[in-house]
Structures are given as structure tokens and as C-alpha cells.
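[1] the following block contains a protein sequence and its predicted model.
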Amino acid sequence: MFGLGMPELIIIMVIAIMIFGAGRLSEIGGAIGKGIKSFKHSVNGPDSPGSAEKSGAGSGKTS
């Protein structure tokens, strides 16, 4: 990847914890996860093959 090994990643994590704090890092991670999920959803869009079955649209039933 970028030549980062385990010692370098540990140092980066320690610095990040010192800067943001453990509680704030979990909030940042959650926000990044939600952003990625939203991005994937918008990229796939409603025209993706499996989206109709998941949302219940196009099932042929009308009320």
C-alpha cells in the first residue's frame, strides 16, 4: 500500500487518540461509516437490480 506496517499504524492511532480522544474517534468513525453507506446507496441508485426487492417497490400488489 504505502509501506505502512503495524508499528507505523500503531503510532498513527496513538497520535489520533491523543488529538481527538477516544470518544470523539468513535463519533468520527460512525459518521464516516454513515457517509460511505449513503454514498454506496446513491451510487447504486434505484435502478440497481436488487433495490426493488429490498424496498418492496414493484411487487405487483396494490392497496
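    Cool, got the structure. Residues are numbered from 1 along each chain as shown.
[2] for the rest of this, base every contact and every neighbour count on C-alpha atoms.
    Fine.
[3] list the buried residues for the longest helix belonging to the chain?
    Longest among the helix segments of the chain by residue count, using DSSP state H, is helix 22-44. Using 16 or more other C-alpha atoms under 10 Å as the burial criterion, none of the residues of helix 22-44 qualify.
[4] output it as CSV, nothing but the C-alphas.
    C-alpha atoms of helix 22-44 as CSV (Å, rounded to 0.1, in the frame of the first residue of the first chain):
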residue,chain,number,x,y,z
ALA,A,22,-11.3,8.0,22.3
GLY,A,23,-14.9,9.2,22.5
ARG,A,24,-14.6,11.6,19.6
LEU,A,25,-12.9,8.9,17.4
SER,A,26,-15.9,6.7,17.7
GLU,A,27,-18.2,9.5,16.6
ILE,A,28,-15.9,10.2,13.7
GLY,A,29,-15.9,6.5,12.7
GLY,A,30,-19.6,6.4,12.9
ALA,A,31,-20.0,9.4,10.7
ILE,A,32,-17.6,8.1,8.1
GLY,A,33,-19.5,4.8,8.1
LYS,A,34,-22.8,6.5,7.5
GLY,A,35,-21.3,8.6,4.8
ILE,A,36,-19.9,5.5,3.0
LYS,A,37,-23.2,3.8,3.3
SER,A,38,-25.1,6.8,1.9
PHE,A,39,-22.5,7.1,-0.9
LYS,A,40,-22.9,3.4,-1.9
HIS,A,41,-26.7,3.8,-1.8
SER,A,42,-26.7,6.8,-4.0
VAL,A,43,-24.2,5.2,-6.5
ASN,A,44,-26.3,2.1,-6.8
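[5] chain center to it, what's the gap?
    4 Å (C-alpha atoms, centre = their mean, to the nearest Å).
[6] contacts for that helix?
    Contact with helix 22-44 is made by A16, I17, as judged by C-alpha atoms under 8 Å, 6 or more residues apart in numbering.
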